[in-house]
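structure, please.
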Amino acid sequence: MVIYLLIATNIVYLSGITFFDISNHQLIRDLSFPAILGLAIYSYLDRKNITVFKILFLVSSGLFLLYSFSNGMYYLPATKIPKLKILIKVIYYASLFVLFSDVYRKKDIVTTFLKVIFLGTNIFLAWYYLGLTLRSLPVLVYSIPFFVYFISSRRINIPLDFLSVAAILFAISATISTLLSADKWIAFLGMCHFLTGLLLFFIGRGIKKEEDLKEVIFLMIGFFGICCIAFSGFIVYYIILGSGNLLESNIASFHVNGIGGMIALFFPLLFYGLRHKNTTFKVFLYLSFIAVVFVLIKSESRAAMIGVAVSLFLIAGYYIFSGCRSHRRHVILVVLGAIPILILTIIFFQNFIKTDEFLSSRTLMIRFSVWELFLSRVVHFAPYFGFGPDNVAMNAVLPANLLRKETINDYLFFIHNSGINLHGHNILIQYLFSYGSIGLALFLVFMMRSVLHFKKMYFASSEKFGMLIFIFALISIFCQEMLDFTFVDTFTFFPCLFFLGAINGYRDQPADILEIKSFSSIYFRLFVHVFIVIFYMVSFYESYNVCVLLNQHKVAGNYINADIFENLLFKTVPDSVTMGRLISLENRKLPEFIYPRNLQFGGEIYWTLPDKSTKNLENARLKFEACVRLYSYSAFCHRRLYDIYSSLAQPDLAKSHLESSKRLDVFHLMPE
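All right, here's what the predicted structure looks like:
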């Protein structure tokens, strides 16, 4: 009964967040029809075996795919690639087909769930530029009920061993960092992103059958090949147009760093895919190899190249020392070793002709400045628990007197070119910044425990090649993440955690279980239940407010603009009808206690009203005061409070907020 209640709650949430947002109703209607049609066809074909649980699973999964694809297509960046949305629609239709056909063929529900998650968070829907947005919530809301069901029905076996305890301790530390963060909304979204990855880690550990794991892996490898072939096509199209300069930082508006992270993780798995029995699939993978090399050459993602080169040498070493004949060993070594050298050589000469930026010391020094910036901030201001997940905007509001002039200049260069959402370009530095020294220490303990556990599982496993390929993939992405940070992307982070769990599972061996007293188990379950209830309450509450804000954004249209800190402000005063609709939507919001920018825009609406009556100024003041209580680092809200108190003839309060505004606008980024 509890499972049914959780899934029903899941359906209500996904329905609300999908259909309440008026900004993309037409797109949602277009995508809803095939989902409803698929459910009707399935219900007819499988009418003798249909159950309530199957219907709930299909409706919930269909809604999740509908939300993910409609949201991703709505925020699809501008690009010169024609009909890109048609490609994404085809992927959506294919995802629905996988869902309904798997349930009809009575495939294991765990594998079907995993397919839905990975297809619903692919690179075309959750890309590098978006960062962490509201979409992080529905993924976790969708995942929790089925994760609970998998455990309670023993569809997965998750041992409570030292590795599981290490993962839980890291999650607790990350939760504390979230609660202590200055911007709790961004940290909350980052926490949801992290927890979804952790659930996938546990599911990867708990999958019982090797065949089920292979089915999911082959699907992911196939989709990776499709992505690389598609990006190759985009590059060719740019070349034909003579717009090769558009490839400097993105391919079809998808950032090369995000594409590089995907390649670093999945490239080694192509070798695993070659063990598939289907000849057509193998031919497809050979084409994917060519596409990967072409995309790497044109994207110039240096961090990804390092990861790919490392994985190639590891794979070459495996083939050389795994019993290949002597002459074949040398051939394999030469071929695999020559590929990364060839790639780097081509890129070197290509860039030597165009510019010296690719291998310039200036580029490297800027990266060192980024590392110095992040380390200085966390050491001096949040050494123990960090600033919370993805709270990178803190770099722009903390005092700059502890930074070198060169570091400040390099940071401003990044801000003016890419905005304030600059990551640490190093996974260890980024995790230290997000979770502090305690969180980083627990993360390293978790990783070291994973390595030790993998070592034990490897020697006892009958599938040594697969385990080695997975660990090579993880080494590849780790090398890439030492010079970049793409774990904010779901299509990199989620598969990475799932692979980490998969190589540490107990599919063929008895579990090494810890002895835990019964009362501890009871309290742990109680803690999990309370956490789920609180999470659902916060998710429903805040998602409603965010949907209202998105509707306001749609109503305001071209009247509004966002500054570098994502504060919404009016370019011109809207007409009276528009302002009336905005105020009407503002009155529908629930009291805000997490999302400061929601309050900021509410205050901006009342401040922009032509009638500067005491009532309107008071309404604006209450909103901005609430905003600075939630996020005291908002220079914009302090500046607006200066304007309001000046209008209310309260000079002392006005002066106080003006000083706060100037103090927080460290790099003079706030608009006049």
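
looking at it, W185 is touching P596, isn't it?
Yes - counting by Cβ atoms under 8 Å, W185 does reach P596; the two are 6.8 Å apart. All C-beta atoms are positioned from the backbone trio N, CA, C, and that covers glycine.

which residues are common contacts for the two?
Common contact partners of W185 and P596 (Cβ atoms under 8 Å, 6 or more residues apart in numbering): none.

of the two, which one has the most company?
A side-by-side neighbour count of W185 and P596, using other Cβ atoms under 10 Å, places P596 first with 25 against 22.

list the contacts of the nearest residue to the more buried one once chain neighbours are set aside.
Closest residue in space to P596, ignoring its immediate chain neighbours: Y631 at 3.8 Å, by Cβ to Cβ, 6 or more residues apart in numbering. Shown in contact with Y631 (Cβ under 8 Å, 6+ apart): 182-183, 596, 637.

any low-confidence regions in the stretch 551-672 of the chain?
Under the criterion pLDDT under 70, the flagged ranges of the stretch 551-672 of the chain are 671-672.

any chance you could map the helices in it?
Assigned by DSSP state H, counting those that start in this stretch, the stretch 551-672 of the chain shows helices spanning 576-588, 596-608, 614-630, 635-647, 651-664.

which of these sits most buried?
helix 596-608 (a mean of 24; mean count of other Cβ atoms under 10 Å).

and the helices of the stretch 551-672 of the chain: which comes nearest K554?
Evaluated over those, closeness to K554 peaks at helix 576-588, with 9.7 Å, by Cβ to Cβ.

contacting residues around the closest one?
Contacts for helix 576-588 (Cβ under 8 Å, 6+ apart): 548, 551-552, 555-557, 559, 573-574, 602, 605-606, 608-609.

do that again at 10 Å, thanks
Contacts to helix 576-588, defined as Cβ atoms under 10 Å, 6 or more residues apart in numbering, come from residues 22, 544-545, 547-557, 559-560, 570, 573-574, 598, 601-606, 608-611, 616, 619, 623.

contact partners for I471?
Taking Cβ under 10 Å, 6+ apart, one finds 268, 311, 314, 450-451, 454-455, 458, 499-500, 503 in contact with I471.

which members of these are positioned in strands?
Judged by DSSP state E, these include no members of strands.

in the chain, which helix or strand is least confident?
Ranking every helix and strand in the chain by mean pLDDT, DSSP states H and E puts helix 326-354 at the bottom, with a mean of 51.

name the element the nearest residue to E372 once chain neighbours are set aside belongs to?
With Cβ to Cβ, 6+ apart as the measure, T407 is the residue that lies nearest to E372, at 5.3 Å, once sequence neighbours are left out. Secondary structure assignment for T407, by DSSP states H and E: helix 405-418.

any idea how far stretch 582-596 is from the middle of the chain?
26 Å (Cα atoms, centre = their mean, to the nearest Å).

first vs last residue of that stretch, how far apart are they?
Length of stretch 582-596, first residue to last, Cα to Cα, to the nearest Å: 18 Å.

before we move on, what about stretch 19-28?
End to end - Cα to Cα - stretch 19-28 spans 8 Å.

low-scoring stretches of the protein, by residue?
21-23, 126-132, 243-249, 322-364, 460-462, 507-524, 671-672.

which stretches of it form strands?
250-251, 254-255, 560-562, 568-570.

how far does stretch 222-237 sit from its chain's centre?
With Cα atoms, centre = their mean, you get 21 Å for stretch 222-237.

quick one: residues contacting the residue nearest to G261 when sequence neighbours are not counted.
Excluding the flanking residues, the one nearest G261 by Cβ to Cβ, 6+ apart is T486, at 3.1 Å. Counting by Cβ under 10 Å, 6+ apart, T486 makes contact with 128, 255, 257-262, 264-265, 301, 303-304, 423, 427, 477, 480, 492-493, 496.

can you flag which of those residues belong to helices?
Among the contacts of T486, DSSP state H puts 257-262, 264-265, 303-304, 427, 477, 480, 492-493, 496 in helices.

related to what we said a few turns ago, surely the residue nearest to E372 meets V370?
Yes - at 8.4 Å, T407 counts as touching V370 under the criterion of Cβ atoms under 10 Å.

rewinding a little: would a markdown table of the contacts of Y631 with distance to N49 be doable?
As requested, these are exported to a markdown table (distance: Cβ to Cβ, whole Å):
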| residue | distance to N49 |
| --- | --- |
| A182 | 53 |
| D183 | 49 |
| P596 | 50 |
| C637 | 57 |
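
now, which of those residues sits nearest S61?
D183 (32.1 Å).
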